[in-house]
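Student: sequence first, then the predicted structure:
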Amino acid sequence: MAETTLKTLIERFRSKPEWQSADPAVRAEAVLRLPSSEHDVVLALAREDADPRVRRAAVKKLSEGPVLAGIAASDADPGVRDEAEGRLAHMAIHEHDEAQAKAAVAGIREARNLAAVAKAAPLAGAREAAIRALADPKLLASVVRDSGDIPTRLLALGRIEDGATLLALALKVEQKSVAVAAVCWRGQGVRDSVVMGHHHGRLKDALDEVSGPLSPLLVPLPRFAHLGPCRDLRDGHIPPRIVAG
């Protein structure tokens, strides 16, 4: 009887799956090979394994936004948190369902990941959610420069408060309607610095080159609802007082 029990224990030990190995490197490799039918095991390893290498490997196998958001917010290891946020950003960019894409954005905290979503997500709702969660002026400016969608660029522009950043955008951005909005945004501050500086001629050229009504771009954006001296831009006009200061 004792011999039978010992054989049973030995056999059970021999058949122990690799994800239960005492070696974390073996566990980390094993979790990547687990099939979708072992989702509960993957989830448990992502949340509870003592080694961050194993948790990070398990996170690579997860696709539920709320689960990833929880790990991104609470895991003790920065590498695991980064992996979870990276997965959320990937979901926000590649998800075809807007509600799920926005839910993924809601779990992102790192500004660089929000900026990546704002630039690359095909769904407008996901891009807008990322921009509204983003506060870093340099990263917002990168969205203004790099996004291929004009309403997205203007929405990011409307989140920038820093006058120097707005001036730099007005001078460098290629899309003229965005340059004009940068000059006009936030009242006199930027325009005064332009009129008094050596950049005035370049900005006047940008204003002169704008063609077509800007109304479809500016009117829907709350931050551009009161453009002050620049409000005529919403109707496609460039009043002389803009370039005159």
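Tutor: Arrived safely, thanks for sending.

Student: tell me who's in contact with residue 68.
Tutor: Taking Cβ atoms under 8 Å, 6 or more residues apart in numbering, we find residue 68 in contact with 59, 62, 84-85, 87-88, 91, 104, 107. The C-beta positions use only the backbone N, C-alpha and C, and glycine is treated the same way.

Student: most surrounded residue in the residues you listed?
Tutor: Top of these by neighbour number is residue 104, holding 30 neighbours under the definition other Cβ atoms under 10 Å.

Student: relative to residue 149, how far out is it?
Tutor: Separation of residue 104 from residue 149 (Cβ to Cβ, to the nearest Å): 19 Å.

Student: pull out the buried positions in the longest helix seen in the chain.
Tutor: Secondary structure of the chain per DSSP state H: the longest helix is helix 78-94. The neighbour-count check on helix 78-94 (16 or more other Cβ atoms under 10 Å) flags 80-93 as buried.

Student: need the helix or strand of the chain with the lowest average pLDDT.
Tutor: One helix or strand of the chain scores below all others by mean pLDDT, DSSP states H and E: helix 240-244, with a mean of 33.

Student: sorry, back to before: and the buried residues of helix 78-94, which is closest to residue 22?
Tutor: residue 80 (20.4 Å; Cβ to Cβ).

Student: from what I can see that closest one touches residue 74, true?
Tutor: No: at 9.7 Å, residue 80 does not count as touching residue 74 under the criterion of Cβ atoms under 8 Å.

Student: CA atoms of the helix or strand containing residue 127 as CSV?
Tutor: Taking DSSP states H and E as the criterion, residue 127 maps to helix 124-133. The C-alpha coordinates for helix 124-133 follow below in CSV (Å, rounded to 0.1, in the frame of the first residue of the first chain):
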residue,chain,number,x,y,z
ALA,A,124,-12.5,59.1,-33.4
GLY,A,125,-14.0,58.3,-30.0
ALA,A,126,-10.7,56.6,-28.9
ARG,A,127,-8.6,59.5,-30.2
GLU,A,128,-10.7,62.0,-28.4
ALA,A,129,-10.7,60.1,-25.1
ALA,A,130,-6.9,59.8,-25.3
ILE,A,131,-6.5,63.6,-26.0
ARG,A,132,-8.8,64.5,-23.2
ALA,A,133,-6.8,62.4,-20.8
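
Student: name the residues that touch it?
Tutor: With Cβ under 8 Å, 6+ apart as the criterion, helix 124-133 contacts 92-93, 95, 98, 101-102, 104-106, 108, 114-115, 117-118, 121, 140, 143, 147, 149, 151-152, 155-156, 159.

Student: how about it: buried residues?
Tutor: 126-131, 133.

Student: stretch 103-113 too?
Tutor: Those would be 103-108, 111, 113, for stretch 103-113 by 16+ other Cβ under 10 Å.

Student: and which of the residues you listed is nearest residue 44?
Tutor: The nearest member of the buried residues of stretch 103-113 to residue 44, counting by Cβ to Cβ, is residue 107 at 20.1 Å.

Student: what sits against the closest residue to the closest one other than its chain neighbours?
Tutor: Distance criterion Cβ to Cβ, 6 or more residues apart in numbering; nearest residue to residue 107, sequence neighbours excluded, is residue 69 at 2.7 Å. Residue 69 sits next to 84, 88, 104, 106-107 when contact means Cβ under 8 Å, 6+ apart.

Student: straight-line length of stretch 59-75, end to end?
Tutor: Distance across stretch 59-75, first residue to last, is 11 Å (Cα to Cα, to the nearest Å).

Student: residue 131 and residue 159, how far apart?
Tutor: In terms of Cβ to Cβ, residue 131 sits 6 Å off from residue 159.
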